[in-house]
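Trainee: got a structure for you, letters missing:
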């Protein structure tokens, strides 16, 4: 996204240029991503149309993740069919990056086995925190968030939906483990 103000450098470009210059002065050899790489048109489009942005009737599990740094919050609800996520609802009150990652998750999560989702969440953490490769296959759009790796203060909001879903999966799995025990004792 590029904004033009006659005779003035846009504020976001000034910040990005200042960060790049500071990193070069500090001897960093890898260039920092441009803010335009992060806040691009596709990210705006994803954030504008978050799938499954509704509450579920009778979810099997629900969880919330909150970033103290930026105040973003994602609440999720899931229904399970065995080990697969059969339905999903989310309430997203997050920045653009949190909204974009929630949009991709919302689009792809229904029908996903719990293990696959956990692997995607781990790949996202590695991508942002360890410069790992982006997720692949139907989750490949998460690679659009790869430039966020250069902005550690944005990692938490980008990963909120993964944290919330993993908490909900933990809850659903714990409940499923108790259910057979309760049925055996009856």
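Mentor: It's in. Since the structure is predicted, the reported quantities are computational estimates derived from the model, not experimental observations. Numbers count the residues shown, from 1 in each chain.

Trainee: ok, longest helix in this protein?
Mentor: The single longest helix within the chain, with elements called by DSSP state H, is helix 155-185.

Trainee: pLDDT value on residue 110, please?
Mentor: Reading off the confidence values, residue 110 has pLDDT 98.

Trainee: residue 78 touches residue 90, doesn't it?
Mentor: No. Counting by C-beta atoms under 8 Å, residue 78 stays clear of residue 90, with 9.5 Å between them. Every C-beta, even on glycine, is put in place using the N, C-alpha and C of the backbone.

Trainee: now for residue 174, how many residues are close by?
Mentor: 11 (other C-beta atoms under 10 Å).

Trainee: same thing with residue 105?
Mentor: 28.

Trainee: what residues are up against it?
Mentor: 90, 161-162, 165 (C-beta atoms under 8 Å, 6 or more residues apart in numbering).

Trainee: one more time with 7 Å, if that's ok
Mentor: 161, 165 (C-beta atoms under 7 Å, 6 or more residues apart in numbering).

Trainee: can you tell me the element it falls in?
Mentor: Assigned by DSSP states H and E, residue 105 belongs to helix 96-108.

Trainee: do residue 90 as well
Mentor: strand 84-93.

Trainee: between that strand and helix 155-185, how big is the angle?
Mentor: 140 degrees (axes from the mean of the first three to the mean of the last three C-alpha atoms, to 10 degrees).

Trainee: next, the angle from strand 84-93 to helix 96-108.
Mentor: 150 degrees.

Trainee: tell me which residues of strand 84-93 come out buried.
Mentor: 85, 87-92 (16 or more other C-beta atoms under 10 Å).

Trainee: got it, and stretch 93-109?
Mentor: Result for stretch 93-109 [16+ other C-beta under 10 Å]: buried residues 94-109.

Trainee: the closest residue to residue 133 other than its chain neighbours in helix, strand or coil?
Mentor: In space, residue 133 comes closest to residue 127 once its chain neighbours are excluded; the distance is 6.7 Å by C-beta to C-beta, 6 or more residues apart in numbering. Following DSSP: H, G, I helix; E, B strand; the rest coil, we place residue 127 in the helix state.

Trainee: does anything pack onto the longest helix of the chain? Which helices or strands?
Mentor: strand 61-66, strand 73-81, helix 96-108, helix 114-129 (3 or more C-beta pairs under 7 Å, 6 or more residues apart in numbering; DSSP states H and E).

Trainee: how about these in a markdown table, adding distance to residue 43?
Mentor: Formatted as a markdown table, those follow (distance: least, C-beta to C-beta, whole Å):
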| stretch | distance to residue 43 |
| --- | --- |
| strand 61-66 | 20 |
| strand 73-81 | 16 |
| helix 96-108 | 5 |
| helix 114-129 | 15 |
